[in-house]
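Asker: The sequence isn't on hand, but the structure is:
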């Protein structure tokens, strides 16, 4: 009896030891491109908690949403040196293409975590749907990989990501430790504040908002009209449980995002229609 | 007293008459491009129930998801003749760009309905998230326009859209008559069947499914590796209330789709985490 117990304890200790020693495999991507300062911050933080592989676009892919490359070729280039501790690839495709290629061509296994960002600019509220950063995280989620998209409310290429670091680490560690609820990924947005000014982390819902478009109409040197998309962000939602409210009040917003887009609450009503 | 009542009745009859006479303004778009047979079918059906304006991509935009053009120019060309009953524009951008340009540059008012499609190929289940057809409808929904995406489970350019016609009309009329529940648009998919084989319309939820990617690795004439995205659709959801089940059993699937991507059910669980 004592012997069995001892053997069990040794076995448990061995398993425990191996589990503790094995670092999580972390896939890092973004939509601003592999050279963006935001992804460099994310890579540095992830290297503290796991084995990191980077597969990110070779050029900016902002606003690409959940686009995939179906009618064109995809290129993948290993850009890290042979003896580098972190393996990096750039890809000619969209952020979603990067995740698909990473999982099925490079890693050939599911990573323990996929992180995307840190985006130069907020992806709160309705921006989640246009965002390449968040679509990469959502794609990982569809493939059953715990995933987080990180964004900082500062579009500047030289944005200061320093304040985000301890929170990025904390949130990634919590996702690794707790796993995410089935069918969800996280949309994390940071206010543009110094570390000591950040009040904490708030779990939120997506605020109801939209972009009021204003197209800038111009003429080419040859006299042909063309347009630039611009516009104004309009928040129609004053709820104190929203991501917009959290960010405006000095908090980091964390929204659980799902990819079941069914409006379940509308099914009953539609069943009363005359089809 | 009698006179006042009679005057009121006359006034009411006049308003009623005008309301009945005013045809709804319908915006038509798609992701297969303005020359696709699918959009031609949709235009023909919409012309029976309203005043139609077409703004559709000048080239195929399949798999563009909710991509928008933020770092590039947009071109818009009127392609219908001056005396045509239906005004048509092609656009160099994505399906979502088409909707934005249509509403803010061409119509300068909200249309009564936006229809997208008819897509050559199914957009059921998880395809809703990759689909340019559905993203155009979702964009209209974000802008407060009742919207429907239509797709036929036949990728062929010469797919036969004839059987879809009476159902497309019926569904569009129902949306115009009943309005859609707030924050939702419809994802309508047709099985590849003859009209007499279609069993009816089913209100469904999005089936849980994913694409198992298989990249086709090839070499350019210059010896460089490149990839083509391919893959196999895997339905992990046998629910009889899903769109996949409806389509497999001869029904047209109608899924109400929302663009609040918050996983509301996950908020409570995340609040127990150690942040």
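Answerer: Nice, I can see it. Nothing here was measured: the structure is a model prediction, and the numbers come from that model.
Asker: Could you list the contact residues of the stretch 51-200 of chain A toward chain B?
Answerer: Counting by CB under 8 Å from any CB of the partner chain, the residues of the stretch 51-200 of chain A close to chain B are A:60, A:62-71, A:73-76, A:94, A:96-97, A:100-101, A:103-105, A:126, A:128-130, A:135, A:138, A:142-143, A:170-171, A:174, A:178, A:180-181, A:183-184, A:200. Bear in mind the C-beta positions are built from the backbone N, C-alpha and C, glycine included.
Asker: Derive a ChimeraX selection command for the buried subset of the residues you listed.
Answerer: To isolate the buried ones among these in ChimeraX, judged by 16 or more other CB atoms under 10 Å in any protein chain shown, type:
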select /A:60,62,63,64,65,66,67,68,69,74,75,76,94,96,97,100,101,103,104,105,126,128,129,130,135,138,142,143,170,171,174,180,181,183,184
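Asker: Helices - which of the residues of the stretch 51-200 of chain A next to chain B land there?
Answerer: The helices, defined by DSSP state H, take in A:96, A:97, A:100, A:101, A:135, A:138, A:142, A:170, A:171, A:174, A:178 from those.
Asker: Where does the prediction get shaky in chain A?
Answerer: Residue ranges of chain A with pLDDT under 70: A:1-21.
Asker: where exactly do the helices run in it?
Answerer: Secondary structure of chain A (DSSP H): helices located at A:2-21, A:37-47, A:95-101, A:132-142, A:165-178, A:243-248, A:267-270.
Asker: what's the closest of the ones you listed to residue B:122?
Answerer: helix A:132-142 (17.0 Å; CB to CB).
Asker: The closest one vs helix A:37-47, what angle?
Answerer: Going by axes from the mean of the first three to the mean of the last three CA atoms, to 10 degrees, helix A:132-142 is angled at 40 degrees with respect to helix A:37-47.
Asker: So which elements touch helix A:132-142?
Answerer: Contact partners of helix A:132-142 among helices and strands, from 3 or more CB pairs under 8 Å, 6 or more residues apart in numbering or on different chains; DSSP states H and E: helix A:95-101, strand A:113-120, strand A:147-152, strand A:184-190, strand A:251-258.
Asker: give the contact list for the residue lying closest to residue A:235 once chain neighbours are set aside.
Answerer: Once flanking residues are discounted, residue A:235 sits nearest to residue A:209: 4.4 Å by CB to CB, 6 or more residues apart in numbering or on different chains. By CB atoms under 8 Å, 6 or more residues apart in numbering or on different chains, the contact set of residue A:209 is A:125, A:126, A:233, A:234, A:235, A:236, A:237, A:244.
Asker: Farthest pair within those?
Answerer: Maximum distance among those (CB to CB): 11.9 Å, for A:233 and A:237.
Asker: Thought residue A:113 was touching residue A:176, still the case?
Answerer: Yes. In terms of CB atoms under 8 Å, residue A:176 counts as a neighbour of residue A:113; the distance is 5.9 Å.
Asker: and for these two, which residues touch both?
Answerer: With CB under 8 Å, 6+ apart, residue A:176 and residue A:113 have common neighbours A:24, A:50, A:146.
Asker: The first one and residue A:176 touch, don't they?
Answerer: In this case it means residue A:24. Yes. The criterion here is CB under 8 Å, and residue A:24 meets it with residue A:176 at 5.6 Å.
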